[in-house]
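Undergrad: Provided below are the primary sequence and the corresponding predicted coordinates.
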Amino acid sequence: MISRWLGRRSTTAGHANPLAGFSVPSSAGVLSCRVLDPVSEPVRQAGFVVTDSTGRRIVGGETDPYGTLVAAVPAGDYRLAVTAEGFTPYRGSATVTESGHSGLGDISLQIAVPPQLPEPGEWEIDLMHSQISFSARHIGLAKIRGRFNSFAGAIRIGERMEQSAMHVVIDASSIDTNVKLRDDHLRGRDFFDIANFPTMEFYSDRFVHRGGSRWAITGALTLHGVSRTVTLDSQYLGMGCGIQGETRAAVHSTAELHREDFTLTWQTMLGHGIAAVGSSIAVELDIQITPKASEAPAA
């Protein structure tokens, strides 16, 4: 049986032994460590993934408020990856034996260099390398996934990123879930009613830095003739060059919408009160932007 903590962690009342009461099958062992920042403070909610020798994910999760990571795994050789916002990732290896404890001690994460921000000026969405997609629960089981194939957008990058603004227009008729009958229904009066509301628009002039590469982009989403405040939880992915040498920047954003907020209230209830379509819609944006081309001077 595993009976002791091998890391170099100091004793804290109520949390002296992270393995106390930890039940482990006889064919398994425990992998543990403590994740610290450069000044030896614990990094809470650092993400970790343990994979086997073939790269298959075995277990994952987050460190506790004390920076501790503890995982029970079958005996074998493993790779451990630890990530946290604002820090460079850690990758290491460990061998776990039956009824053994592989304690990696203290792992120190280093501060990551923040990615370069786009230059101030007018930028536009590169439609060839961007996607706006969504998913919704269907009959309480699988998720229905789709995307919008036609949209356009512009971003004005301020002297400070917090002074930036963006405007995106989506063609509601371009909805695509790979099922024509369903898409036609979504375009109709029960849902988007594209005859009366052909577009959706999002405008924001509030960019808030949440630390590291995380930003909150808050603005007004107008859908089905109704405007609501929506915040995009965004991760800035940095700058790069395209195959033709053009400058580009990338961001990944997510948001959760409730269709009733936009008067999209159509519903069919199945047996046992199960809704045919869930009320929550998960939206995901993978966006690349490039500097807006200068207009040709007048003749």
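TA: Thanks, I have the structure now. Numbering: from 1, shown residues only.
Undergrad: Please tell me I have it right and Ser164 contacts Trp123.
TA: No: in this structure, Ser164 is not within contact of Trp123 by C-beta atoms under 8 Å, at 9.3 Å. Bear in mind the C-beta positions are built from the backbone N, C-alpha and C, glycine included.
Undergrad: what sits in contact with each of these two?
TA: Ile155, Arg156, Ile157 (C-beta atoms under 8 Å, 6 or more residues apart in numbering).
Undergrad: Leaving out chain neighbours, which residue sits closest to Ser53?
TA: Nearest in space to Ser53, with sequence neighbours left out and distances taken as C-beta to C-beta, 6 or more residues apart in numbering, is Asp77 at 5.3 Å.
Undergrad: strands paired with the strand or helix carrying the one you found, and their directions?
TA: In this assignment (DSSP states H and E), Asp77 forms part of strand 76-83. In the sheet, strand 76-83 lines up against strand 47-51 (antiparallel), strand 90-96 (antiparallel) (DSSP bridges).
Undergrad: Buried residues of the first one, list them for me.
TA: The neighbour-count criterion (16 or more other C-beta atoms under 10 Å) identifies Gly47, Phe48, Val49, Val50 as the buried residues of strand 47-51.
Undergrad: got it, and the longest one?
TA: Buried positions in strand 90-96, judged by neighbour count with 16+ other C-beta under 10 Å: Tyr90, Ala94, Val96.
Undergrad: swap in stretch 127-144?
TA: Buried-residue list, stretch 127-144, by 16+ other C-beta under 10 Å: Ser130, Ile132, Phe134, Ser135, Ala136, Arg137, Ile144.
Undergrad: roughly how far is that stretch from the heart of the chain?
TA: 14 Å (C-alpha atoms, centre = their mean, to the nearest Å).
Undergrad: For it, measure first residue to last.
TA: 23 Å (C-alpha to C-alpha, to the nearest Å).
Undergrad: So, low pLDDT: which residues of the stretch 1-150 of the chain?
TA: For the stretch 1-150 of the chain, the stretches with pLDDT under 70 are 1-22, 138-142.
Undergrad: leaving aside the residues next to it on the chain, what's closest to His185?
TA: In this structure, His185 finds its nearest non-sequential neighbour in Phe191, 6.9 Å apart by C-beta to C-beta, 6+ apart.
Undergrad: Can you pull the phi/psi pair for the one you found?
TA: phi -130, psi -100 (degrees, to the nearest 10).
Undergrad: quick one: it and Leu257, what's the gap?
TA: Distance of Phe191 to Leu257, given as C-beta to C-beta, to the nearest Å: 13 Å.
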